[in-house]
Every structure is written in C-alpha cells, then in structure tokens.
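Build me a model:
(one chain, ligands or ions: 1)
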Amino acid sequence: MSASFTLATGLLGSLDLLQVSTNGPVLHIRLNRPAKRNALSDPLIQQLHTVFVNLPAGTLAAVISGDGAHFCAGLDLSELVERDIHSGVLHSRMWHAAFDAVQFGKVPVVAALHGAVVGGGLELASACHIRVADRTAYYGLPEGQRGIFVGGGGSARIPRLIGVARMTDLMMTGRVFDADEGLAVGLSQYVVEEGQAVAKALALAERIAQNAPMSNFAVMHALPRIADQSQSEGLFTESLMAAVAESTPEAQDRLRAFLEGRAGKVVKQS
Ligand code: 1HE
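You can find the predicted model right below:
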C-alpha cells in the first residue's frame, strides 16, 4: 500500500478477500487471495459487489489490482465441480451483477494488471474503464481448455474491446497475448515497466477524479450505450447527455474559467 493511502474501516475494512484503502477521492481495491492467485471464489465476487455498491462518500475514481505474482487466475475452479444447470445460471448472473456494479457504478475504475489476467480475471478487467498493464501481464481465455464458457460478461465485453475473431482465437486455440500484444489489440490502453502498473493506475485515477463527476458519468454510462445504439438513436442520446452535462453548474464554472484564462490549455504530452 502506498504511504498516502489508509486502510478502509467499517464494512469495506471488514472484507477478508480484498484490501481496500483510500487516498482522498481515490479508492484502491486489491484482490487479496495471492495463495490462490486471486481466483474468483463466490465470496470474492460478493465482496467486490459489496465494495462497488458501498463506495465511501467522496470517492471519485477507483483502482483494482491484484496481490502477489498475478492479477487474477479467473474463476475458482474448485467451486465449479458438481454445479447443476439452475445454480450455474444463477452463478453467472451473480458475476454479472457484480461486474455491472463495476462498469455501471458511480465512479470510473482503472485496472492495474500484471502476470496472469486470465478467464474471469480478464472478464473483471474488461468491466473496468481503463486498463494499465505492466510488462509481465498476459491474457488468456482458458475456458475452452477447461470445457466451459465465459460466464462473467466476457462474451459481451471482450469482443467490444478486441472483436469476435480475436476472442474466438483466444478461446478456441488457447492463444495467449503478452503485454505488448494486449496493447496492440486494445485489451490495455497503457503498458508500463514491471511493478509500475499500480502507480500508473493511481496517477490516472487521480487525474480522472479531477474531472466534473457528470462528465465522468456521461463517459461511463452514455458512451457504451450509444455505441450499442443505431446511429440515429445514438445521436439523439448524445444530444440529451450533452445538454445535461453542459447545464450543470460545474460545467458553467469550468467553461468560464477557460474563457477568463484561468484553466489549463490542451498541450502535447511528452
Ligand atoms: C486456483 C486457480 C483457479 C490457481 N481456481 N484454484 N482459470 C484457469 O484456468 C487458470 C488456472 N490457473 C493457472 O493457470 C495458474 O494457476 C496460474 C498461471 C494463474 C498461476 O500459476 P502458478 O504456478 O503461479 O500457481 P499454481 O501453482 O498453479 O497455483 C497456486 C495455487 O492456486 C494452487 O493451489 P494449491 O492449494 O495447490 O496451492 C492452485 O490450485 C490455485 N489456483 N488458479 C482455483 N483458477 C464466470 S466464468 C469464468 C471462467 C474462467 O475463469 S475459466 C479460467 C479458469
């Protein structure tokens, strides 16, 4: 945990499979089951859900990372044995509810990835809004080898990042993308040196937390829905969202600040 972060107390501090810490508006959630490579057991999924529906007041952005040598080994395979059809559907729906709370919750979420980002671990990463990988990260969907299918929203989210053909390849052939391939195909937006993913993700989260909350809300909630709509419906939704965002007092203040020379300019980044 970085020096400026303090461990959460109360409900979020009581979760045994996550380490939750805060630094002002940024919440850091670390998967905390390294002995099992952060495999996603039912209690771990439920605890993730609990965090995202109980964000501390004042939280404006979040980071998810994994403790130990890997981000996440996916579904806890020991729980899968002898599950009947009905409980299988309910189990998948439980994951959907938890990962929907990540993607369509209150605040943008940055994933900090390293080591294995596989199966359900990739599904979790895909529910986040931005993904930062370090050079050790690799991506796979071993469901095909295990005789199962994705069930945590992967079939809906991953093709939207990399396309159906690439996901088919990962699932059918067991292909694994390394960090640079993941960047090239759009699984991550940043690749950093080994051990630097959390620091980069926290820096991005701090930057995101400075945006107007309504702008972040529009990006999180309107953008993916508009992408799913027809052009005509999407343009109409965009107009409504734009009018809502620009009429907030915060937008008015920020626009005035720029016009009066008090706001930063858009400059080339080194
Ligand atoms: C696990 C799991 C797991 C590790 N469920 N226990 N996911 C997979 O098919 C990936 C399976 N895991 C692996 O390929 C490897 O474990 C890793 C490459 C991630 C890490 O390797 P390594 O050598 O560092 O660790 P390990 O020795 O394999 O595992 C350490 C322990 O974690 C060991 O338990 P132990 O009691 O013998 O010490 C492993 O059994 C345990 N472990 N991964 C349960 N996944 C909603 S649908 C989603 C569908 C999926 O996610 S399918 C993909 C499942």
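
what secondary structure does the closest residue in space to Leu80 that isn't next to it in sequence sit in?
Spatial nearest neighbour of Leu80, excluding adjacent residues (Cβ to Cβ, 6 or more residues apart in numbering): Ile148 at 7.1 Å. Where C-beta positions appear, they are placed from N, C-alpha and C, glycine not excepted. Here Ile148 is recorded as coil under DSSP: H, G, I helix; E, B strand; the rest coil.

cool, the one 3 residues further on as well?
When classified by three-state DSSP, Gly151 comes out as coil.

And the nearest residue to it once chain neighbours are set aside, how close does it get to the ligand?
Leaving aside its sequence neighbours, Gly151 sits nearest to Ser92 (Cβ to Cβ, 6+ apart; 3.8 Å). For Ser92, the distance to the ligand equals 6 Å [Cβ to the nearest ligand atom, to the nearest Å].

Return the per-residue confidence for Ser92.
Reported pLDDT at Ser92 in the predicted model: 97.

Please verify my assumption that it contacts Ser155.
No. At 10.5 Å, Ser92 does not count as touching Ser155 under the criterion of Cβ atoms under 8 Å.

buried stuff in the helix ranked longest in the chain?
When the chain is parsed with DSSP state H, its longest helix is helix 85-103. For helix 85-103, a neighbour-count test (16 or more other Cβ atoms under 10 Å) marks His91, Met94, Trp95, His96, Ala98, Phe99, Ala101, Val102, Gln103 as buried.

Tell me where the model's unsure across the stretch 1-150 of the chain.
1-3 (pLDDT under 70).

what do you get if the cut-off is 50, keeping everything else the same?
Nowhere does the stretch 1-150 of the chain drop to pLDDT under 50.

Spell out which parts of it neighbour the ligand.
Proximity of the stretch 1-150 of the chain to the ligand, by Cβ under 6 Å from any ligand atom, involves residues 36-37, 39, 69-70, 73-78, 95, 116, 118-120, 142-143, 146, 148, 150.
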